[in-house]
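**Student:** Please work out how this folds:
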Amino acid sequence: MAAAMALATVVERRTGNSGWIDVVWTFGLGATGVLGALLPFGDAPLARRLLVAALALAWALRLGLHIARRTRGIAEDPRYAKLRRDWGERADAQMARMLQIQALASIPLALGIVLAAHQPAPTLGWRDLAGTLVFAVGIAGGAVADRQLRAFSRSGQGGICDRGLWAWSRHPNYFFECVLWCAYAVIAAAYPLGWIALLAPAAITFLLVRISGIPPLEEHMLAKHGAAYCAYQEKTSALVPLPRKG
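**Tutor:** Now for the predicted structure:
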């Protein structure tokens, strides 16, 4: 992940579009997870290692290609652009440092994948099935949320997307991302060290809710839409889909 984020630093400087950072992070984490799942150590059966590797690959392809498609249509990611403005002359060095911190923050996520893949039960069982179902809900829900937002943006109506899943949550894509990462903890649960895989959903939830997801995005949306977004905030749950207030 350190190598992936070093590459992201180079890509961001060469292109001038910080949106590619998240593309590189996604494919980098996916590749790290797949490699960690397939490495032949421990007593886990090949079938489980292949299953978990396939889950990690599916996540990386779905999310990475979605972000890449979005990035091609923008000049800059507003979250990173604001950081660059705040950092001023120190922007290049600070950006490189922050991306390496992102690499460190990825460790619990990659570890969750590895622990699930190397859960040593000799055959696939109900936990593997349950984890796969949780993963399917997460990846499908995220895809639907992204598709709804993309369709709204293309409609040219402007304003705030508050239909479909976005009528229930201000960030349904983030909610389903958190659900998806629970899959690895479910698969790893029978492993003596499997409880450590709980760090994966805990880490992604913390990052999205407190650090790199909701806070900078909501700050951007408030600056862009003002009172209209305030009204949306008052009526709509931030993360977990819930009936609207009022």
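**Student:** which residue is nearest the middle of this structure?
**Tutor:** Centroid check for the chain by C-alpha atoms, centre = their mean gives residue 177 as the closest residue, at 5.6 Å.
**Student:** Quick one: classify the nearest residue to that one once chain neighbours are set aside as helix, strand or coil.
**Tutor:** Distances taken as C-beta to C-beta, 6 or more residues apart in numbering place residue 142 nearest to residue 177, at 5.7 Å, with adjacent residues excluded. (Glycine included, C-beta is placed from N, CA and C.) Secondary structure for residue 142, judged by DSSP: H, G, I helix; E, B strand; the rest coil, is helix.
**Student:** Can you give me the neighbour number for residue 142?
**Tutor:** 24 (other C-beta atoms under 10 Å).
**Student:** contacting residues for the residue nearest to the centre of the chain?
**Tutor:** Taking C-beta atoms under 8 Å, 6 or more residues apart in numbering as the criterion, residue 177 is in contact with 63, 138, 142, 204, 208.
**Student:** Got the confidence number for the fourth one?
**Tutor:** Reading off the per-residue confidence, residue 204 sits at a pLDDT of 98.
**Student:** Ok, the first one next?
**Tutor:** With respect to pLDDT, residue 63 scores 98.
**Student:** Could I get the contacting residues of it?
**Tutor:** 26, 142, 177 are the contacts of residue 63 under C-beta under 8 Å, 6+ apart.
**Student:** try the fourth one
**Tutor:** Contacts of residue 204 were listed using C-beta under 8 Å, 6+ apart, and they are 109, 177, 178, 181.
**Student:** Could I get those in a markdown table, plus columns for pLDDT?
**Tutor:** Listed next are those as a markdown table, based on pLDDT from 0 to 100:
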| residue | pLDDT |
| --- | --- |
| 109 | 98 |
| 177 | 98 |
| 178 | 98 |
| 181 | 98 |
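**Student:** Show me which of those residues are buried.
**Tutor:** Among the contacts of residue 204, those buried by neighbour count (16 or more other C-beta atoms under 10 Å) are 109, 177, 178, 181.
**Student:** The second one is in what secondary structure piece?
**Tutor:** Read it as residue 177. Applying DSSP states H and E as the criterion places residue 177 in helix 172-188.
**Student:** which is the next helix or strand following that helix?
**Tutor:** Counting by DSSP H and E, the next helix or strand C-terminal to helix 172-188 is helix 199-206.
**Student:** quick check: angle from that next one to helix 172-188?
**Tutor:** 170 degrees (axes from the mean of the first three to the mean of the last three C-alpha atoms, to 10 degrees).
**Student:** Give the burial count for residue 79, as a bare number.
**Tutor:** Residue 79 has 18 nearby residues by other C-beta under 10 Å.
**Student:** wait, what's in contact with it?
**Tutor:** Contacts of residue 79 (C-beta under 8 Å, 6+ apart): 18, 212, 216, 217, 220.
**Student:** likewise residue 109?
**Tutor:** By C-beta under 8 Å, 6+ apart, residue 109 lies in contact with 29, 33, 181, 200, 203, 204.
**Student:** And residue 45, by the same measure?
**Tutor:** 121, 122, 123, 124.
**Student:** Phi, psi for it please.
**Tutor:** When read as degrees, to the nearest 10, the backbone of residue 45 gives phi -70, psi 150.
**Student:** Local confidence estimate at it?
**Tutor:** At residue 45, pLDDT is 96.
**Student:** And it, how far from residue 125?
**Tutor:** Going from residue 45 to residue 125 by C-beta to C-beta, to the nearest Å gives 11 Å.
**Student:** Residue 59 now?
**Tutor:** For residue 59, the distance to residue 125 - C-beta to C-beta - is 22 Å.
**Student:** Neighbour count: the two, which is higher?
**Tutor:** The residue with more neighbours, out of residue 59 and residue 125, is residue 59; 23 against 13, by other C-beta under 10 Å.
**Student:** the inter-axis angle of the host helix or strand of the more buried one versus helix 172-188?
**Tutor:** Assessed by DSSP H and E, residue 59 sits inside helix 46-72. Computed by the same axes, to 10 degrees, the angle separating helix 46-72 from helix 172-188 equals 170 degrees.
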